[in-house]
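Colleague: This is a predicted model, with the sequence first.
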Amino acid sequence: MGQHRTSLQILAEILKIVRAGARKTRIMYQANLSFAMLKKYLDYALETELVACPDGECYVATPKGHEFLEKYDRYLLRSSQVEDQMQAMAKEKAMLEEGYIAKQRRNGSSAVRNASR
C-alpha cells in the first residue's frame, strides 16, 4: 500500500492544478481527494490567500500561491539532494566498517572489541 501524503504535498498538488484555474470537481479528481478533504484544503488555501475564487466557481492560484509552489519545489530538490547524500554516507560507512572494523575483528584486535562494547 502507498505512503500517505503530507499536508504540504496535498496543498502543493492543489496549487499545481489551479495554476490556470479549475473547478472543485476537477481539483477533487486530479488531487484524488474526497469532497470533505477538498473542502478542508480549499478553505485553508482561501484563508491563507494561496488561491482565490473570483467568480465563485473557478479557483486560481494567487501570486502568494505561486510563491509557495516555487519554495516547495526548491524544498523538494534540496530534500532529494540530502537524501542522496545520506544514502552515499551510509554506503561509505558500510564500506569502512566492512573494510576495517570487520577485518580487525577477524584478526582478533582487542582495541576494536573493547571499543564496540
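Modeller: Happy to help now that I have it.
Colleague: Which strand or helix spans the closest residue to residue 49 other than its chain neighbours?
Modeller: Leaving out its chain neighbours, the residue that sits closest to residue 49 by CB to CB, 6 or more residues apart in numbering is residue 64, at 5.2 Å. In short, each C-beta sits where N, CA and C put it, glycine included. Assessed by DSSP states H and E, residue 64 sits inside helix 63-96.
Colleague: Show me what that helix is packed up against.
Modeller: Secondary-structure packing of helix 63-96 (3 or more CB pairs under 8 Å, 6 or more residues apart in numbering; DSSP states H and E): helix 7-17.
Colleague: For the helix or strand that the helix it packs on is followed by, what is the distance to the chain centroid?
Modeller: Next along the chain after helix 7-17, taking DSSP H and E as the criterion, comes helix 24-30. Averaging C-alpha positions (CA atoms, centre = their mean, to the nearest Å) puts helix 24-30 21 Å from its chain's average.
Colleague: residues in contact with helix 24-30?
Modeller: By CB atoms under 8 Å, 6 or more residues apart in numbering, the residues outside helix 24-30 that reach it are 13, 14, 17, 18, 22, 33, 34, 35, 38, 42, 59.
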